[in-house]
Structure formats: structure tokens, C-alpha cells
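Enquirer: The amino acid sequence is not available; the structure is as follows:
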């Protein structure tokens, strides 16, 4: 954790420096040691302003506070910064959770489409589709769980390759090849 404290029109005392460092320890617990802080303290007549910039590999956040007391301004700025940082961290955690959940659902259901090595040729993207033998009812369930607008499958009854797709009106269509 690297902290730089700048004072504009104010002398940064050891008490202020200690207060800032004590309050910033929370962030090292949240994000590890590879974060940089730049704290800018400013005094103009009766306004005490504190601005805190947090920079890390994944996040750049700014929080500022303005009151009649420097310690209150620092507290407000750090509260805003903490709120933003926690929001970002929770968003990252939720994204990872959703990706893991989607992968496990795809593995369990034996997904109808595989995203293995998409190829591009003349502006056309090609993907290999694994034609899993299934009934039309299973394909409807597969389409409901999938992000794709269609499912390619081999019909158990006829043995032919079929495509089940979502129509613009919300109903489903079936192409039998």
C-alpha cells in the first residue's frame, strides 16, 4: 500500500497523517497490498476539502468530502470511496458467480452448442454445433436455458438434424432438415 498525502494551503500534521493511514488500512484488507492512494487536503476560508484517489490494477476510484472540519471531510471522502470500492468488488464477485453457474449448467445439460474455436472467414463467424440426440421437448428446455436464439439437435424420433429457434413474436419454430 502506497500513500501520498498532499496539503494545499494546509500543513499536514502527524495527527492528520496518522488518522488517514489508520482509515486506509481497511482498503488493504479489501484489495491486498498493490494499491496506491493519493490524498489531497485543501483549505479555503471555512471549507475543508479532502479528495482521495485509489488506484489499483483493476480499479480507479475517487471520493471527496467537504465540511467545516478536516477530519470530517476525510471521513466523508473515505466513506464514499469505500462504498464505490465495495460496489465494484461485489460486482466482480457476482460476475464470477454467474459465469461459474452458467458453466456448470452447460456441463450438466450437455449444451447443444459448443463455443469451441470460432473461425472467421470473409466476415462469417463459424462455430461447431454438437448435434446431440434428443426429443423436441428436451430441445425446448435446452433453448429455455441457453442464451442462444436457437438449438441444433438430432431428433430421436426421426434421426434427422433439427433446429429449434425463437421467433420474433416469442413463439418457437422448428426446422427439420
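Expert: Received it, and whenever you're ready, just let me know what you need. Quick caveat, the model's predicted, so the values are computed rather than measured.
Enquirer: Which residue ranges of the chain form helices?
Expert: 14-31, 70-109, 136-145 (DSSP state H).
Enquirer: quick one: the last one to helix 70-109, angle?
Expert: It stands for helix 136-145. 170 degrees (axes from the mean of the first three to the mean of the last three CA atoms, to 10 degrees).
Enquirer: ok so, going back, same list (the helices of the chain) but as a markdown table, adding mean pLDDT.
Expert: Below are the helices of the chain laid out as a markdown table (pLDDT from 0 to 100):
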| stretch | mean pLDDT |
| --- | --- |
| helix 14-31 | 87 |
| helix 70-109 | 82 |
| helix 136-145 | 86 |
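Enquirer: close enough to count as contact, residue 75 and residue 64?
Expert: No: with contact defined as CB atoms under 8 Å, residue 75 and residue 64 do not form a contacting pair (11.9 Å). Where C-beta positions appear, they are placed from N, C-alpha and C, glycine not excepted.
Enquirer: tell me the domain ranges of the protein?
Expert: The chain breaks down by automatic domain parsing into domains covering 2-84, 108-176.
Enquirer: Roughly how far does the nearest residue to residue 28 once chain neighbours are set aside sit from residue 59?
Expert: Spatial nearest neighbour of residue 28, excluding adjacent residues (CB to CB, 6 or more residues apart in numbering): residue 1 at 4.7 Å. Noted for residue 1: a distance of 14 Å to residue 59, by CB to CB, to the nearest Å.
Enquirer: so what's the residue nearest in space to the middle of the chain closest to, chain neighbours aside?
Expert: Residue closest to the average C-alpha location in the chain (CA atoms, centre = their mean): residue 92, at 3.9 Å. Using CB to CB, 6+ apart and skipping the chain neighbours, the partner closest in space to residue 92 is residue 58 (7.5 Å).
Enquirer: What about that neighbour? Give its phi and psi, please.
Expert: phi -100, psi -10 (degrees, to the nearest 10).
Enquirer: Next up, phi/psi of the nearest residue to residue 46 once chain neighbours are set aside, please.
Expert: Nearest residue to residue 46, sequence neighbours excluded (CB to CB, 6+ apart): residue 68, at 5.8 Å. The phi and psi torsions at residue 68 (degrees, to the nearest 10) take the values phi -90, psi 0.
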